[in-house]
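K.L.:
give me coordinates for this.
(3 chains)
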Amino acid sequence: MLNEIVEPLLMWFRANARVLPWREDKAAYRIWVSEIMLQQTRVEAVKPFFERFTKALPDVHALAVCEEDKLLKLWEGLGYYNRVRNMQIAAKTIVEEFDGQLPADYEALLSLKGIGNYTAGAVASIAYNIPVPAVDGNVLRVISRVLASEEDIMKQSVRKKMEEDIKAIMPKDCPGDFNQALMELGATVCVPNGMAKCDICPLASICKAKALDIVMELPKKTKQKPRRIEEKTVLVIKDGDKAAIRKRPKKGLLAGLYELPNLEGHLTADEVLEYIKERQLAPIRIRQLRESKHIFSHVEWRMTGYVIQVEELENAKDTGMLFVEPWKTQEEYPIPAAFGAYADYLQIKLGQEKYEV
DNA sequence: AAGTCGGGGGC
DNA sequence: GCCCCAGACTT
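P.N.:
Residues are numbered from 1 along each chain as shown, chains lettered A, B, ... in the order given. As a prediction, this is how the structure comes out:
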């Protein structure tokens, strides 16, 4: 039965646990921050962000009162930016309703913005030793294989049953270690891509998938739909030492971050100049930049770009554009990685000789 | 239940 | 190119 995994798993974890920044000091706040960052994000990617974030915002109160641009800047490049927005909303709730302390209660944690089933279980078990499961993608894979379950792990019903099965075998004295052990095994041995390392797995003798030689067929999962493709033209508009950026809408993709001005479709230089002139920004030079691509979860941007030198006139139309010094875009304004190929040009001077308008 | 929301690394 | 990642929220 499934309870056979408990002892070998804990033994293995105690000998093989990775040294991670959020394992040094188990303050609930730090566990919470790490778990939010780790949503759909690998350990190696999170490490540097975690160090920087917790240094800048060391406690719940600091997070609750942080200015939005600074907050997003700390998250810049990590993705899924609603995570940090929701975390700040939760921080304000914690200050107001829980006296600044994360509640040591699964249901109370679950009620906080951005904390779902998994994260509530992780914080409760790791920070407060509450015996509740924390079922993430690793756990779904490990348990599916141990049981040789061919159920589709994308189905809510399957995940719910998985939580119940695990709750039934949770060791009451060390629920945090047990949950982490399952995830750690999934991340380092029963891996998500590539061959499972069954030769070093502490559960190899128990694993039904291994016995049936179907380890690599599991878990079963419905595949995601193909992403849609969007074409864009990205503009690096320069006025002297400054360059144009603008703030994105409060909702939707990359909400609230800053971007380079951009247009729908792949435009010619003439079409771009028309756009510039309509906004009373007198163009002096223009040069086309290379194409680039950025892949999000559900959409793919195929971009081309232009760098345009302009003279910003007094009567320039309100374009929502903000002309700022390039170093400020690096230090203060959060700009998503999608614009990376063109953001480089913010600080490069245009050649004088060619591309006169 | 399906769609939205980032970015990166493995193969 | 495809898959997945210590998922949660909205519709």
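
K.L.:
quote the end-to-end distance of stretch A:253-269.
P.N.:
End-to-end span of stretch A:253-269 (CA to CA, to the nearest Å): 27 Å.

K.L.:
can it be found next to DNA strand B?
P.N.:
Yes - applying CB under 7 Å from any atom of the strand, one finds stretch A:253-269 in contact with DNA strand B at A:253-255. C-beta here means a position set from N, CA and C on the backbone, and glycine is covered the same way.

K.L.:
now residue A:341: which helix or strand?
P.N.:
Assigned by DSSP states H and E, residue A:341 belongs to helix A:340-343.

K.L.:
buried stuff in that helix?
P.N.:
Across helix A:340-343, burial judged by 16 or more other CB atoms under 10 Å covers A:341-343.

K.L.:
quick check: domain ranges of chain A?
P.N.:
A:2-212, A:228-346 (the TED database).

K.L.:
spatially, what comes nearest to the residue in the stretch 51-200 of chain A positioned nearest to DNA strand B if we skip its sequence neighbours?
P.N.:
For the stretch 51-200 of chain A and DNA strand B, the shortest gap (CB to the nearest atom of the strand) falls at residue A:79, measuring 2.6 Å. Nearest non-adjacent residue to residue A:79, counting by CB to CB, 6 or more residues apart in numbering: residue A:41, 7.1 Å away.

K.L.:
give me every residue in chain A lying close to DNA strand B.
P.N.:
By CB under 7 Å from any atom of the strand, the residues of chain A that approach DNA strand B are A:40-42, A:44-45, A:77-82, A:155-157, A:193-194, A:225, A:251-255, A:294-299, A:336-338, A:340.

K.L.:
filter these to the buried ones?
P.N.:
Using 16+ other CB under 10 Å, the buried ones in these are A:78-79, A:81, A:253-254, A:294, A:336, A:338.

K.L.:
wait, what's in contact with the nearest residue to residue A:9 once chain neighbours are set aside?
P.N.:
Closest residue in space to residue A:9, ignoring its immediate chain neighbours: residue A:181 at 4.8 Å, by CB to CB, 6+ apart. Residue A:181 makes contacts with A:9-10, A:12-13, A:17, as judged by CB atoms under 8 Å, 6 or more residues apart in numbering.
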